[in-house]
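Asks: model the structure of this input:
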Amino acid sequence: MIDLDPTTLGLEFGGGAVVGGLIGFAAKKIAKLLAIIVGVQLMAFRYLESQGIVIVDWNRLSAGIVKTQARAEGAAEIHWLQSMISTLSIGVGFTSGFLIGFHRG
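Replies: From the prediction side, this is the model:
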């Protein structure tokens with residue numbers, strides 16, 4: 001029989017929501033900054049390439065992304081039901097907090 005303490009579950013949910021909100025807020029700010037940096041870098045590469053200063057092998061650059069995706073898909077899988085049950089109270093709180101923080105950021 002499973003022994004569940006509602007107080008502990010509530011504290012885990014609340015703690016996960018607070019941490020998730022903070023991380024979501026920070027993640028959105030960092031994502032915006034990284035998007036700007038990557039965009040400026042790609043514009044600079046395109047400009048330098050059009051001037052004949054730099055030669056960029058775009059196919060080779062994108063091949064690294066494809067290889068990384070293939071490795072991530074081949075990672076070991078954990079039984080999803082066991083994983084979901086063991087982290088449900090913290091995960092739901094974290095996810096809801098993350099989404100709220102990301103939306104507010």
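
Asks: toward the C-terminus from the helix or strand of the chain with the lowest mean pLDDT, list the very next helix or strand.
Replies: Sorting the helices and strands of the chain by mean pLDDT, DSSP states H and E puts helix 80-86 at the bottom, at a mean of 57. Going down the chain from helix 80-86, the next helix or strand is helix 88-104, by DSSP states H and E.

Asks: model confidence over stretch 59-78, on average?
Replies: Averaged across stretch 59-78, the pLDDT comes to 63.

Asks: just stretch 22-30 next, same as before
Replies: 88.

Asks: ok, and what's touching that stretch?
Replies: Stretch 22-30 is contacted from outside by Phe94, Gly97, Phe98, Leu99, Ile100, Gly101, Phe102, His103, Arg104, Gly105, using Cβ atoms under 8 Å, 6 or more residues apart in numbering. Placement of C-beta: from N, CA and C, glycine included.

Asks: show me where the protein has its strands.
Replies: Shown for the chain, no strands are assigned by DSSP state E.

Asks: longest helix anywhere in it?
Replies: Longest helix of the chain, by residue count under DSSP state H: helix 6-50.
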